[in-house]
Structure formats: structure tokens, C-alpha cells
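Visitor: Here is my input; please provide its structure:
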Amino acid sequence: MRGPAIEREELVEIQETLQQLAQPVSKAYLAQEITKLLNSFGGKVDRIGLAQRLAAELAPRFMHKSNRLQKLIKYRPQELAALTQSAFIDEVHKEIMPMFMARKKTRAKIRTEEERLRRNKRAKNRYERHKRSYVRTPGAIERDFSIRSALLSLHPDPPTGPCLDEIFHGGRYKMCGSIDSLQWLFGLGRKRLVMAGPPIREGREIFYNYRGVLACMDALLKQTGSNAYWLPDPDRRKIILTGVLFRARKEATPQIRKAFEETLHPFLN
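Guide: Got it, this is the predicted structure:
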């Protein structure tokens, strides 16, 4: 009998399939297409015209080399596989959204201060509903590092998963998002994770590295009992923290591994 998590063999298969989809155009194929185009020109062609023609014909066939895509394939194969299954939603959006965008929207003029306050309140409520929609319980840490009973007899090591690997490697997450965010990691709303600051700002975007994750862990783990926001059950908490430290020893850089050990060890005693 299998546990709810996808087996390692299936993850490898998903990663290989996604990697095949992300392969760039081969050199042989590109050379063949360039030869066809050159043969079609016939007489003399100026270099600028030749370059423009080649660019127009070949640009749509190239794939941009994305390091972020490669990271997603390596660390998030399950989420990418789920996204491919729901790709038809994007097709619906392509057909329907242009129809909505084509309509000219007119906004009624605000005439009173009361109306202004009412609109501001509605806008804030919409914003909060949007941010809360990212929260899924339990969070990725609890899912990845919880007990998988069907595997206990076969794997004596604590259960682990990849959700923290990007953090272990020195990466950064946003506060909100369906994946790769603090809300996704902890399964809590952003107002429960205010201790993650100070953030790392890049232009208008805000990120949090391992220090932000550990600040959240430290503050949340100090809350004990049935009313704790995160990992209230002491036995489950111990298993999850043991798995996090086990994964950190395998994946984290020395500095980050030491920080995780110093933060989490006191909560295991």
C-alpha cells in the first residue's frame, strides 16, 4: 500500500518529462532550417535584410534558457505536473479575457467622503481575500516532513521533502504565493508571519531568505499547547523538526545548516 505522497520514481519520471518539454532547439535542426532559408533567398541579399529575415523566421522556434524554470523542474515537479493538467484553463482565459478587456470600464466619480471610505474598505477586503486564497492547510513543511506510515518500515530515516531546499541553498521566497512563499511553507496567513522581517527588497518586490523562515519558526514554536498556530501536537512537532534538521544536513550550506540547528535544537529537548 502506498502513502499519499508521490514516490521518488514518479518524481524522477515527472522531472524527466518536464525537462524534455523544456529542451532548446537542437543545433542540427537549427542548421537545417537556416540552410532552407538561405536557399530560398536566391539572389544577393544585404546583410541587414538577411539578419532581419532570419530573426523573423527563427525567433519563434527558440526557447529562452530560464534558470528559474530549471529550479522549478528540479524542486517542484509535483506542482508543475498539476499545472500541466489544468492547462486548459489558460486556453479559456485566452478566449474570454480579451472580451472583458475590450469593454471600456467607466468608474463612477466619488462625490462624498463617506463613499470614498466605503470604496477603500471594499478594496482592502478584496486584497485580503486575494492574499488569504494562497493559504493551504497544512503547509508544505508539515506535509513534506510528516509521517508516511507506509514507508516507515522501509525507510528508517525521518520523512523529508523538497519544500525547504531552495532556502537551504540560499534562495528566497515571497510572503504570499501558491508555491515558494512563506504562506505556502507554513500554511498560515501573512498576518501570522509578520515576525519574518526585515525583508529583502529588490525594486518593488519583497523577499525573505533563511533568516525570515527561521524567525517564523522560532516565534511559532514558542507557542505551545492546543492553541498554537503551528504544529500544536508535540509528537508531530518533534518528528517534523527532526526531518527538517536531517534534510538541512544533506542540502543546506554550512552557514544555513548551523543556523537551523541553533534555532531548532532547543525545541527538540
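Visitor: Find me the pLDDT at residue 242, would you?
Guide: pLDDT for residue 242: 94.
Visitor: what sits against residue 184?
Guide: 134, 136, 139-140, 163, 173, 177-178 (Cβ atoms under 8 Å, 6 or more residues apart in numbering). For every residue, glycine as well, the C-beta is placed using N, CA and C.
Visitor: would you list every one of the helices in the stretch 151-269 of the chain?
Guide: Secondary structure of the stretch 151-269 of the chain (DSSP state H, counting those that start in this stretch): helices at 165-168, 182-186, 210-221, 234-251, 254-264.
Visitor: contact partners of the shortest one?
Guide: The list of residues contacting helix 165-168 from outside it, by Cβ under 8 Å, 6+ apart, reads 71, 75, 172-173, 180, 209-210, 213, 247-248, 251-253, 256-257.
Visitor: and if we set it to 7 Å?
Guide: Residues outside helix 165-168 that contact it (Cβ atoms under 7 Å, 6 or more residues apart in numbering): 71, 75, 173, 180, 210, 213, 248, 251-252, 256.
Visitor: Let's see it as CSV, backbone CA atoms only.
Guide: Coordinates of each C-alpha in helix 165-168 appear next as CSV, following Å, rounded to 0.1, in the frame of the first residue of the first chain:
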residue,chain,number,x,y,z
ASP,A,165,15.7,23.0,-0.4
GLU,A,166,15.7,26.4,-2.1
ILE,A,167,16.0,28.1,1.3
PHE,A,168,18.8,25.6,2.2
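Visitor: Could you pull up the mean pLDDT of stretch 110-120?
Guide: 80.
Visitor: Stretch 191-202 now?
Guide: Across stretch 191-202, the average pLDDT comes to 90.
Visitor: Retrieve the pLDDT associated with residue 11.
Guide: pLDDT, residue 11: 68.
Visitor: quick check, residue 124 in a helix?
Guide: Yes: if the criterion is DSSP: H, G, I helix; E, B strand; the rest coil, then residue 124 is within a helix.
Visitor: hang on, the earlier thing: tell me which of the helices of the stretch 151-269 of the chain lies nearest to residue 157.
Guide: helix 234-251 (6.4 Å; Cβ to Cβ).
Visitor: Kindly calculate the angle that the closest one makes with helix 254-264.
Guide: On the basis of axes from the mean of the first three to the mean of the last three Cα atoms, to 10 degrees, helix 234-251 is oriented at 170 degrees to helix 254-264.
Visitor: Present the contacts of residue 184 as a markdown table; the columns should include neighbour count, distance to residue 184 and pLDDT.
Guide: Shown next, in a markdown table, are those (neighbours: other Cβ atoms under 10 Å; distance: Cβ to Cβ, whole Å; pLDDT from 0 to 100):
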| residue | neighbour count | distance to residue 184 | pLDDT |
| --- | --- | --- | --- |
| 134 | 18 | 7 | 62 |
| 136 | 13 | 7 | 77 |
| 139 | 19 | 7 | 91 |
| 140 | 21 | 5 | 91 |
| 163 | 23 | 8 | 92 |
| 173 | 24 | 8 | 94 |
| 177 | 13 | 6 | 81 |
| 178 | 13 | 7 | 76 |
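Visitor: With the flanking residues excluded, which residue is spatially nearest to residue 171?
Guide: Leaving aside its sequence neighbours, residue 171 sits nearest to residue 209 (Cβ to Cβ, 6 or more residues apart in numbering; 7.4 Å).
Visitor: pLDDT score for the one you found?
Guide: Looking at residue 209, the pLDDT reads 96.
Visitor: Now do the domain split for the chain, please.
Guide: By the assignment in automatic domain parsing, the chain contains the domains 25-62, 140-268.
Visitor: Switch the ones you listed over to CSV; also include distance to residue 110.
Guide: Conversion of those to CSV gives the following (distance: least, Cβ to Cβ, whole Å):
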stretch, distance to residue 110
domain 25-62, 46
domain 140-268, 26
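Visitor: worst average pLDDT in these?
Guide: domain 25-62 (a mean of 68).
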